[in-house]
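1. okay, here's the prediction I keep looking at, along with the sequence it came from:
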Amino acid sequence: MKKRPLGLVAIIIYKVLVALLFTVTSIALFLALNNYQILDNFSQNYVLEGKARIIDWLLDKIINLKPKTLAFSSLSAGIYAIVTTIEAIGLWYEKPWAHILVLCLVGISIPPEIYELIQGISLIKLAIFLVNAGVFWYLLRNFPKNYN
């Protein structure tokens, strides 16, 4: 079995985790769309306890979305999960097209992430920005070495 650089393996693991997260998100949004009325009834009849603040927040966010927005968000998250899975598989097999695809998609995401940080910094926004900037830098720096 071919030994891959540790940085590349870390990026592949990151991409697989992102793909899993977006797959779960897509499925959850799809289920919320299909059970929209049940969630609405549940949110109106649900007695909140101190431990359930996140459930209340999540239900409030979902119920206030239009069904078309839920459908679009579910589809978008699903497509992003598929693209991210393709990126991870391509990187695993060290395909040049995957390297370019990741560089383009991560590169496109960096300016909006900077804008989000300017609007209001948070630990999650900063962490995502730093990881994506690191992925971009690593792949850009190592692209010529991997495919000569």
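-> Okay, I see it.
2. where does the chain have low pLDDT?
-> For the chain, the stretches with pLDDT under 70 are 1, 36-60, 63, 144-148.
3. rerun at 90
-> 1-5, 25, 28-71, 73, 94, 142-148 (pLDDT under 90).
4. identify the single longest helix in it, thanks.
-> For the chain, the longest helix by residue count, based on DSSP state H, is helix 6-34.
5. buried set for it?
-> Judged by neighbour count using 16 or more other C-beta atoms under 10 Å, the buried positions of helix 6-34 are 8, 11-12, 14-16, 18-19, 22-23, 25-26, 29-30, 32-33. Any C-beta I mention is one placed from the backbone N, CA and C, and that applies to glycine too.
6. run through the neighbouring helices and strands of that helix.
-> helix 67-92, helix 123-146 (3 or more C-beta pairs under 8 Å, 6 or more residues apart in numbering; DSSP states H and E).
7. again, only using 10 Å
-> Packing partners of helix 6-34 (3 or more C-beta pairs under 10 Å, 6 or more residues apart in numbering; DSSP states H and E): helix 36-45, helix 53-63, helix 67-92, helix 96-119, helix 123-146.
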